[in-house]
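> Can you look at this prediction? I've put the sequence above it.
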Amino acid sequence: MSDPAAPPAIIDDKSPICIPFILSQLREHQARVRNDGDGDINKPFIIGLNGVQGVGKTTLVRALATALRRDEGLETLVCSIDDFYLRRADQEALARAHPDNQLIQVRGEPGTHDIPLLRAFFASLLTGRPAQVPSYDKSLHNGRGDRAPPSTWTAVNGAGQPQVQVVIFEGWCVGFRAVSSAEVLARRDEGPSRTLRRHAPEHLLFVNEALRAYDGAATDLFDAFIHVDAEDLGWVYDWRVEQEGALRREKGAGMSDAEVVAFVDAYYPAYELFTDKLRAGLFPADRPGRHLRLVVDKDRRVKQKIII
């Protein structure tokens, strides 16, 4: 794979679909809270958003937040699961404790996030208490990354600040749920796979089990969900090559094509294990209509809209 002369621009054909969906779900949520009489109408509306790497997630989230703030007057907070990675020292300790498991030698896969921090953050937001939005600096330690000092975190819900009304929680693995151990093994040993057979069964099972803690900390809290999916998940490699090629031209630095492949390889096992379950729907059968899935083509344009 080589640098394209000019990577195609990411066209925002997604937010015009997502905004009506979000507003419809928000109104239904507020009506349920009023009718039930046992909820807090001021509790923020939590939107989970999953998009494969390189699909244009940043462009979409920026457009959604702008529209919700400017056009709807909703105080909207955007936060990323990437900012909840373990501190560098804790990541290194995790890697040392499992030296043969290549899936957790670097940040990325489920199991490399700070679940207590994530749980405490959402607990504060959901009760309207002051909170700080963590920040992770991926440039520290020669690109290995580390959590930024708390003094640099963004404060919300503080004295004199507007109350957060909508939260968009985005990330490449947001909404992934664990599957059965039998399914992990079957996907590794029996089905078509790009990366799973490179890893020992127990290493894949470690990531699967770690993912269960994400449910109570974040996933079960979502009021609505948006999944920007790809017709072919393998396009994530090409999209990342495009991004890094553009970065090399603009900044004079960026990963080589081979480095991109190695980078995506570290994430791809989770795509292979958990995407199909997410495609089937995040919410239980008694909560229909809250999951919007947008399937995009190689040019990242929406080809299909599915509400689950």
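Looks like it came in fine.
> where does the stretch 1-150 of the chain dip in pLDDT?
The stretch 1-150 of the chain contains residues with pLDDT under 70 at 1-10, 37-39, 41.
> centroid residue for this structure?
Gly171 (1.5 Å; CA atoms, centre = their mean).
> Nearest residue to it in space, please, no chain neighbours.
Closest residue to Gly171 apart from its sequence neighbours, by CB to CB, 6 or more residues apart in numbering: Ile81 at 3.2 Å. For glycine as for every other residue, the C-beta is placed from the backbone atoms N, C-alpha and C.
> Could you report the neighbour count for Leu60?
24 (other CB atoms under 10 Å).
> I'd like the distance between it and Ala120.
Going from Leu60 to Ala120 by CB to CB, to the nearest Å gives 27 Å.
> Repeat that for Trp172.
23 Å.
> before we move on, what about Gly145?
Relative to Ala120, Gly145 is positioned 21 Å away (CB to CB).
> Identify each buried residue in stretch 138-146, please.
Buried positions in stretch 138-146, judged by neighbour count with 16 or more other CB atoms under 10 Å: Gly145, Asp146.
> Begin at 53 from now on, thanks
Sure, I'll start counting at 53 from here, so that last one is stretch 190-198.
> May I have it as CSV, with CA atoms only?
Presented in CSV, the C-alpha positions along stretch 190-198 are these (Å, rounded to 0.1, in the frame of the first residue of the first chain):
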residue,chain,number,x,y,z
LYS,A,190,-0.7,10.0,23.0
SER,A,191,2.5,11.9,22.2
LEU,A,192,4.1,11.3,25.6
HIS,A,193,6.9,8.7,26.1
ASN,A,194,7.8,8.6,22.4
GLY,A,195,4.3,7.9,21.3
ARG,A,196,3.5,5.3,23.9
GLY,A,197,1.3,7.8,25.6
ASP,A,198,0.2,8.7,29.2
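> so who does Gln157 touch?
Residues in contact with Gln157, defined by CB atoms under 8 Å, 6 or more residues apart in numbering, are Ala147.
> ok, Val259 touching Ile156?
Yes - between Val259 and Ile156 there is a contact at 7.4 Å, judged by CB atoms under 8 Å.
> list residues touching both of the two?
Joint contacts of Val259 and Ile156 (CB under 8 Å, 6+ apart) are Gly163.
> Distance check, the nearest residue to Arg352 once chain neighbours are set aside against Asp64.
By the measure of CB to CB, 6+ apart, the closest residue to Arg352 outside its immediate chain neighbours is Gly108, 5.2 Å from it. Computed as CB to CB, the Gly108 to Asp64 distance reads 8 Å.
> same check, this time on Met307
In terms of CB to CB, Met307 sits 26 Å off from Asp64.
> next one: Gly297
22 Å.
> same question, Val218
Following CB to CB, the distance that separates Val218 from Asp64 is 19 Å.
> Which residue ranges of the stretch 103-252 of the chain form helices?
Using DSSP state H, counting those that start in this stretch, the helices of the stretch 103-252 of the chain run over 109-122, 140-149, 167-178, 233-241.
> Dump the ones you listed to CSV, plus distance to Val185.
Output for these, formatted as CSV (distance: least, CB to CB, whole Å):
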stretch, distance to Val185
helix 109-122, 13
helix 140-149, 19
helix 167-178, 8
helix 233-241, 33
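> Figure out which of those is closest to Arg345.
helix 109-122 (13.7 Å; CB to CB).
> List the buried residues for that closest one?
Quick answer for helix 109-122 (16+ other CB under 10 Å): Lys109, Thr111, Leu112, Val113, Ala115, Leu116, Ala117, Ala119, Leu120.
> So if I had to pick from Gly108 and Asp64, which one is more boxed in?
Between Gly108 and Asp64, counting by other CB under 10 Å, Gly108 is the more crowded of the two (21 against 15).
> doesn't Lys66 make contact with the more buried one?
Yes - using CB under 8 Å, Gly108 is in contact with Lys66, at 7.4 Å.
> Now do the shared contacts for those two.
Val280.
> follow-up on the earlier one: next, count neighbours for the residue nearest to Gly223.
Neighbours of Ile133 (other CB under 10 Å): 21.
> Nearest residue to Lys265 in space, please, no chain neighbours.
Careful, residue 265 is Ala; it's not Lys. Looking at Ala265 with CB to CB, 6+ apart, the closest residue is Ile167, at 4.8 Å.
> OK, contacts around the one you found?
Shown in contact with Ile167 (CB under 8 Å, 6+ apart): Ala265, Tyr266, Ala269.
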